[in-house]
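K.L.:
Quick one: sequence plus predicted model below, questions after.
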Amino acid sequence: AQSVSQHNHHVILSEAASLELGCNYSYGGTVNLFWYVQYPGQHLQLLLKYFSGDPLVKGIKGFEAEFIKSKFSFNLRKPSVQWSDTAEYFCAVMGRTYKYIFGTGTRLKVLA
Amino acid sequence: NAGVMQNPRHLVRRRGQEARLRCSPMKGHSHVYWYRQLPEEGLKFMVYLQKENIIDESGMPKERFSAEFPKEGPSILRIQQVVRGDSAAYFCASSPPSTEQYFGPGTRLTVT
C-alpha cells in the first residue's frame, strides 16, 4: 500500500538552529515528491518538489530536500531556521491518478 | 491570477443537516481534488474530478458524501445528514494534468 511517514510530529528549535524533517515513503511506481508548508491560519503552500533529475532539490525560503531512492526518503532541510518558519510541514507523494498521499505532518515551533 | 477559492471558510451545521462546500479552481486548471483533514491527522484524499467526470473517488465514504465538477461553475462537495465525525477541515486543490497541486484556504466544518 502507498504510504508516507513523517516520524517527527513536533519539533521545537531555537532560531538559527539547523532543521531536518524526515519523510519516508512506500510507493512502487515513478515517484513524484513534495513538501508543503501550512502557516497558522493559512492554506498549504508548495515549498519544493521532486519529479526527476538532480536529487537535491532547492525550494523557497531557503529550504532544500534530498531524494534518496535507496532509502525511500525525501528529507527536508534548512541550515538556519527563523521564527517565521513556525508552521506545519507536510510531505506528500503523488500516487496513481495524480492524487496525493500525505504524511501526518510535523509541527515546527521556532523560539525567538 | 486568483488562487483556488473555497467557500464558505467556516460552516456550522447541526446533526442531520446538509453541508455544501464549494471550490473554484485556478484559471486554466481542469483537475480538482478534495482532501479532508481531521484534528491531529494529515490530509486524506477523498476524490479527484475533471470537468463532468469523477476520475478517482477511492477516498470518499460510501454513504452521504458526493462530489461534482460541472461544466460550468465550481466543484461541489456535498455531505448529507452530517454527523459530529464529519467535523474537519476540507481542502480543495487544483492543477493542470500531472503537476503539483495548488490548495485553497479550506472550509472548516463544525457539526453541532
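P.N.:
Okay, I see it.

K.L.:
Show me where chain B has its strands.
P.N.:
Taking DSSP state E, the strands of chain B run over residues B:5-7, B:10-13, B:19-24, B:31-37, B:43-50, B:53-56, B:65-68, B:75-79, B:88-95, B:102-103, B:107-111.

K.L.:
Model confidence score at residue 57, please.
P.N.:
The chain I'm using is chain A. We have a pLDDT of 96 for A:V57.

K.L.:
ah, no, chain B please
P.N.:
Listed pLDDT for B:E57 reads 95.

K.L.:
The residue most central in space within chain B pairs with what?
P.N.:
For chain B, the residue sitting closest to the mean C-alpha position, by Cα atoms, centre = their mean, is B:W34 at 3.9 Å. On the basis of DSSP bridges, B:W34 is bridged to B:V47, B:C92.

K.L.:
I figured it hits B:M46, correct?
P.N.:
Yes: here B:W34 reaches B:M46: they are 4.4 Å apart, a contact under Cβ atoms under 8 Å. Every C-beta, even on glycine, is put in place using the N, C-alpha and C of the backbone.

K.L.:
Which neighbours do those two have in common?
P.N.:
The contact sets of B:W34 and B:M46 overlap at B:67, B:77 (Cβ atoms under 8 Å, 6 or more residues apart in numbering or on different chains).

K.L.:
re earlier: now the strands of chain B as CSV including distance to A:A65?
P.N.:
Output for the strands of chain B, formatted as CSV (distance: least, Cβ to Cβ, whole Å):
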stretch, distance to A:A65
strand B:5-7, 28
strand B:10-13, 33
strand B:19-24, 28
strand B:31-37, 21
strand B:43-50, 19
strand B:53-56, 26
strand B:65-68, 32
strand B:75-79, 30
strand B:88-95, 20
strand B:102-103, 19
strand B:107-111, 29
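
K.L.:
What distance do you get for the residue nearest to the centre of chain B to B:V111?
P.N.:
B:W34 sits 17 Å away from B:V111, taking Cβ to Cβ, to the nearest Å as the criterion.
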